[in-house]
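my questions concern the predicted model and sequence given below.
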4 protein chains.
Amino acid sequence: MHSAHTIPTGRIEAFSDGIIAIIITVMVFDLKLQEIPTGKTVWNELAQLLPKFISYVVSFLMLAIMWINHHQLFHQIKHTDRQLLWLSIHLLFWMSLIPFGTNFVGVNYKLYQASFFYGVIFLMCAWSFTLLREYVIRKDLLYEHISKQAHWRIRNKNRLAMAIYGTAVVLSLVSVYFSFALFLVVPGMYFIPERIIHNKN
Amino acid sequence: MHSAHTIPTGRIEAFSDGIIAIIITVMVFDLKLQEIPTGKTVWNELAQLLPKFISYVVSFLMLAIMWINHHQLFHQIKHTDRQLLWLSIHLLFWMSLIPFGTNFVGVNYKLYQASFFYGVIFLMCAWSFTLLREYVIRKDLLYEHISKQAHWRIRNKNRLAMAIYGTAVVLSLVSVYFSFALFLVVPGMYFIPERIIHNKN
Amino acid sequence: MHSAHTIPTGRIEAFSDGIIAIIITVMVFDLKLQEIPTGKTVWNELAQLLPKFISYVVSFLMLAIMWINHHQLFHQIKHTDRQLLWLSIHLLFWMSLIPFGTNFVGVNYKLYQASFFYGVIFLMCAWSFTLLREYVIRKDLLYEHISKQAHWRIRNKNRLAMAIYGTAVVLSLVSVYFSFALFLVVPGMYFIPERIIHNKN
Amino acid sequence: MHSAHTIPTGRIEAFSDGIIAIIITVMVFDLKLQEIPTGKTVWNELAQLLPKFISYVVSFLMLAIMWINHHQLFHQIKHTDRQLLWLSIHLLFWMSLIPFGTNFVGVNYKLYQASFFYGVIFLMCAWSFTLLREYVIRKDLLYEHISKQAHWRIRNKNRLAMAIYGTAVVLSLVSVYFSFALFLVVPGMYFIPERIIHNKN
């Protein structure tokens, strides 16, 4: 009975993995020389790729972190339900816009509009993650032995990330370099502490 | 023995997830600034993206709804057979045309041909779903404890969706805005009631 | 122990599904209006898409048939080995060229080179399938209760398909329409009889 | 308990498969005629595709080998952990740049910069593999009955591959043909010996 009554997490995980994997590789497709290069033009062509490459690296890193967090969260969920599916799809929607933001920053990083939208997209991703995590905790979808405290703590970290992205969005109107600096804070923030929490449960 | 005699649903689910995931992200690839923007042209460039973005959101929503329904349906199927594979592939074919329709509406939404084809594609998707569901019910592929009534009711809702899309297709010849309005009715329609039915079984 | 000594078929199936799913959707990406259409140019634009669309439908159908056969074959395999992995990758390589052939036929179907290469690609796919199936039968990788006769019969049908594709390749030098006609024979050929064989085992 | 305490390898395998599958097919998307060919221009168009095709074949082969090694390695791993996830993502990052290198070599193989970056990308991939394998051996993540010696031997082969790629990178400054020759050495190197090691465990 169970098998048909509750929805296992397997398929939403596979679907999310698929979309995240494709988002990453769609961005790679933009890392391409625009003109057929000659000995004279090749360095110039490559130089034009540099901002695209840097924005790709940052987005790749952010997507990898999101994937790991998604991985960890769903790994601790007993089963999913209709609402959780929609919250995951809501997250995937904002993640699916990352290639747009990455391309925008890559083609002309000097425009404040680029870092503005880039920041907004990541802000919405962090927000979607917060909604997803809060729902999972409140709806008691976590395995009994998983400490809810740990997840509330991650939720608070997500909120901090949201605050940083929000600041980056506003600062992009002052100087894009401020917001670029802030974009690098979040990966660093998630790179280390996660592990501690993971050891906890 | 069983393992080799009947075909489990796992692989068709994975295959469908893969295709749906890629369809979604292929559309994202169209959300791109056509020219390298400057401070002068950037707002104009972004304005040109707006219809593309809106058609992306609608298609994303429709694809998410289809994915959830596909997810729910196959989750209640005991095993698949050759014909069900073909009915699923038939559905995937029409879904695979959604990026074309989305791009068409996005590049020039004022053309009635755009909303015409956009509507036809969704009409065929709804039709494929109806065929799939009817086959599953008739061939007794549902788990015994799943109420067929619930699935007949969804089938009827699919038919209603087909009628709405059909009207949208015809109305596109009168005014594209009529059909756009109707395109939004179906997501709304599927957004809520599903849940009730899902609770039933 | 077993789990680490023999290689289960799961991952090669998933990998193949992924590649086939992406091949299909990569082709969809070519179904796109080249210019931003206006009321005057839109029908003309759509007319130019027609050959692309037809070649897409044929390739989609062929890929679906290959996927179903791959699905059925691996479903009856006990476990895989290094050589089977390479034979599968060899098959995936030729399948991965289908979007190139489809695009070539789509952009200018009148050129005999287009149908020539299109045919060669499908010829190599059919050949790879034959190699794969022969290896599986010879190496006794099928479940004991699966009739090898059935698989030898499919192998022979693959050979027939190869002969048809070979003829289509040669005839493309005489008239592309001859080879187009032959390209439609194979799907028809695989559409029905498979089922009988499938019932057998 | 176990299910939620240690991270199974399933999802990182699926995620890697997804990315590798997409990387391969993204490259196929570059195998496309640039202009709509006519009877006069078609051979010329195809000739221009030849270097792209050759670089595609080499990259496809390298990716297939990496996939098989990844497949084999994770198949012998008991469970994964946070650090292993990051080492896998690090590998996937370098693999994700292969389409860029392949496109670069394909559009103008005569430029030393092309083979230089192509080589650097593969060098980093081999390095990532070495890190991954060393971590797995040191952290005792292999099933007890798997011979660590075998994996140390593969690690050493990876180092040899790194040396070859490093030489190819340097030689590209002298002549691109030297480095092309070396690029073919590694696939050959991995094609055969792997099997022996695989039989061992």
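Looks like it came in fine. Every value quoted in this text rests on a predicted model; they were computed, and no experiment measured them. Numbering: from 1, shown residues only, chains lettered A, B, ... in the order given.

pLDDT weak spots in chain A?
A:1-6, A:191-201 (pLDDT under 70).

got the contact list for the residue of it found nearest chain D?
Nearest to chain D, among the residues of chain A, is A:Ala21, at 3.5 Å (CB to the nearest CB). (C-beta placed from N, C-alpha, C; glycine too.) A:Ala21 is in contact with D:15, D:18-19, D:22, counting by CB atoms under 8 Å, 6 or more residues apart in numbering or on different chains.

next, it: phi, psi?
phi -60, psi -40 (degrees, to the nearest 10).

roughly how far apart are A:Val105 and D:Ser88?
In this view, A:Val105 and D:Ser88 are 26 Å apart by CB to CB, to the nearest Å.

more crowded one of the two?
A:Val105 (29 against 24; other CB atoms under 10 Å in any protein chain shown).

quick one: the more buried one and A:Ala114 touch, right?
Yes - with contact defined as CB atoms under 8 Å, A:Val105 counts as touching A:Ala114 (4.5 Å).

so which of the contacts of A:Ala21 reach chain C?
D:18, D:22 (CB under 8 Å from any CB of the partner chain).

export the contacts of A:Ala21 to a markdown table and tack on secondary structure?
Formatted as a markdown table, the contacts of A:Ala21 follow (DSSP: H, G, I helix; E, B strand; the rest coil):
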| residue | secondary structure |
| --- | --- |
| D:Phe15 | helix |
| D:Gly18 | helix |
| D:Ile19 | helix |
| D:Ile22 | helix |
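
buried among the contacts of A:Ala21? Make that a ChimeraX selection.
To isolate the buried ones among the contacts of A:Ala21 in ChimeraX, judged by 16 or more other CB atoms under 10 Å in any protein chain shown, type:
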select /D:15,18,19,22
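
can you get me a residue count around A:Leu173?
Neighbours of A:Leu173 (other CB under 10 Å): 13.

spit out the contact partners of it.
By CB under 8 Å, 6+ apart, the contact list for A:Leu173 reads A:112, A:116.

ok, the one 5 residues further on next?
When contacts are counted by CB under 8 Å, 6+ apart, A:Phe178 touches A:168, A:171-172.

can you tell me how far it sits from chain B?
A:Phe178 sits at a distance of 18 Å from chain B (criterion: CB to the nearest CB, to the nearest Å).

what of A:Ile12?
A:Ile12 is 8 Å from chain B, by CB to the nearest CB.

and if you look at A:Ala114?
Taken as CB to the nearest CB, the span from A:Ala114 to chain B is 8 Å.

where do the helices of chain A begin and end?
A:2-5, A:10-28, A:42-75, A:82-96, A:98-107, A:112-138, A:148-171, A:176-191, A:193-200 (DSSP state H).

so which of these is nearest B:Arg133?
helix A:2-5 (15.9 Å; CB to CB).

what residues does chain A have near chain C?
Checking chain A against chain C by CB under 8 Å from any CB, the hits are A:18, A:22.

closest residue of chain A to chain B?
A:Gly18 (3.5 Å).

skipping adjacent residues, who's closest to that residue in space?
B:Ala21 (3.5 Å; CB to CB, 6 or more residues apart in numbering or on different chains).

for the contacts of A:Ala21, give me CSV that also has distance to B:Trp152.
CSV is the format used below for the contacts of A:Ala21 (distance: CB to CB, whole Å):
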residue, distance to B:Trp152
D:Phe15, 39
D:Gly18, 36
D:Ile19, 41
D:Ile22, 39
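
before we move on, back to that, ok, which of the helices of chain A comes nearest B:Asn44?
When the helices of chain A are ranked by proximity to B:Asn44 (CB to CB), helix A:112-138 comes first, at 11.4 Å.

output the set of residues of chain A in proximity to chain B.
Near chain B, when you scan chain A using CB under 8 Å from any CB, you find A:1, A:3-5, A:7, A:11-12, A:14-15, A:18-19, A:22-23, A:26, A:29, A:82, A:85-86, A:89, A:92-93, A:96-97, A:99-100, A:103-104, A:107-108, A:111, A:113.
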